[in-house]
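Asks: what follows is a protein structure lacking sequence information:
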C-alpha cells in the first residue's frame, strides 16, 4: 500500500513540475515490472479504453480508493491531471515554479509548490513518508492523519481540481481537508504577490518521494 501511495504523489509531481512529463505505455495502472524494455508486459488496451469511454465527470474517489489494488484510481488521477495541463498550457509550459511553506507537526511529510503564470496559479500538494500515516501500510490514510497546514497567503478563488469544489480562501489551508481521500491535492487559484520572505524548501523532500 505504501508503494501505491507514493506512486500517486509521484504521478502528481511529474505531471505538474517544470519539464515534460514522461509516461510509459502500460503503466496507467499499477505496474510491478522493471522499466527496462525487455521486462515490459503486454498492455491490456481494452481495459484502458473502457475507462476512457466514461463521462469526464468528477471521479468517485472513495469508491476508487476502496478498490485501490485495481489501479483505476491512478488512472482517474492521471486523466484529470492531463486534462488540467491541456486546459492551462501556459502555466505548465512557461509558468514559473515557487516552493510553498507547510507548517504543523507533520509538515516534513508534505511537499508543496505552485506553478504561476501571471495571476493564474496551480498549487500542488503531495504526501511523502507514508509509514506513520498509514500505520505501516496497514490502512489507507484519511486526511486527519496529517496535522499540517499549507501557507496560502496571496492565493484566492481557490478550486480543488480533483474534487471540482470551491474552497474558502484563507492564509492557511488544513491538509486534513485536502488529503481526503487522496494523499494529494491540486488546486487552481488566482495569485497576487505578497511581500514576504521566500519559503525555504528542503531538497531532500523531493529526493525521497
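Replies: Done, it's in. If you're wondering where the values come from, they're calculated on a predicted model, not measured in any experiment.
Asks: and the helix or strand containing residue 85, what does it pack against?
Replies: Using DSSP states H and E, the element containing residue 85 is helix 72-87. Contact partners of helix 72-87 among helices and strands, from 3 or more C-beta pairs under 8 Å, 6 or more residues apart in numbering; DSSP states H and E: helix 2-16, helix 45-52, helix 61-66, strand 184-191. No exception for glycine: its C-beta is placed from N, CA and C like everyone else's.
Asks: helices and strands around the third one, which ones?
Replies: For helix 61-66, the contact count by 3+ C-beta pairs under 8 Å, 6+ apart identifies helix 72-87 as packing neighbours.
Asks: contacts for the helix it packs on next, please.
Replies: The contact list for helix 72-87 (C-beta atoms under 8 Å, 6 or more residues apart in numbering) reads 4, 7-8, 11-12, 15-16, 23, 28-30, 48, 51-52, 56, 59, 61, 64-65, 67, 92, 122, 161-162, 182, 184, 186, 188.
Asks: buried subset of these?
Replies: 4, 7-8, 11-12, 15-16, 28-30, 59, 61, 64-65, 92, 122, 161-162, 182, 184, 186, 188 (16 or more other C-beta atoms under 10 Å).
Asks: before we move on, back to that, do you know which of the helices and strands packed on helix 72-87 lies nearest residue 114?
Replies: strand 184-191 (7.2 Å; C-beta to C-beta).
Asks: who does the closest one pair up with?
Replies: Strand 184-191 sits in its sheet next to strand 120-127 (antiparallel), strand 155-160 (antiparallel), going by DSSP bridges.
Asks: that one vs helix 2-16, what angle?
Replies: With axes from the mean of the first three to the mean of the last three C-alpha atoms, to 10 degrees defining the directions, strand 184-191 sits at 30 degrees from helix 2-16.
Asks: pLDDT value on residue 25, please?
Replies: The model reports residue 25 with a pLDDT of 76.
Asks: now it. Nearest residue, chain neighbours left out?
Replies: residue 43 (6.2 Å; C-beta to C-beta, 6 or more residues apart in numbering).
Asks: swap in residue 149?
Replies: Closest to residue 149 by C-beta to C-beta, 6+ apart is residue 172, at 4.2 Å.
Asks: give me the distance between the one you found and residue 21.
Replies: 29 Å (C-beta to C-beta, to the nearest Å).
Asks: count of neighbours near the residue nearest to residue 25?
Replies: 14 (other C-beta atoms under 10 Å).
Asks: give me the pLDDT value at it.
Replies: In this model, residue 43 carries a pLDDT of 78.
Asks: what does residue 205 give?
Replies: For residue 205, the predicted pLDDT is 50.
Asks: do residue 54 as well
Replies: pLDDT at residue 54 comes out at 63.
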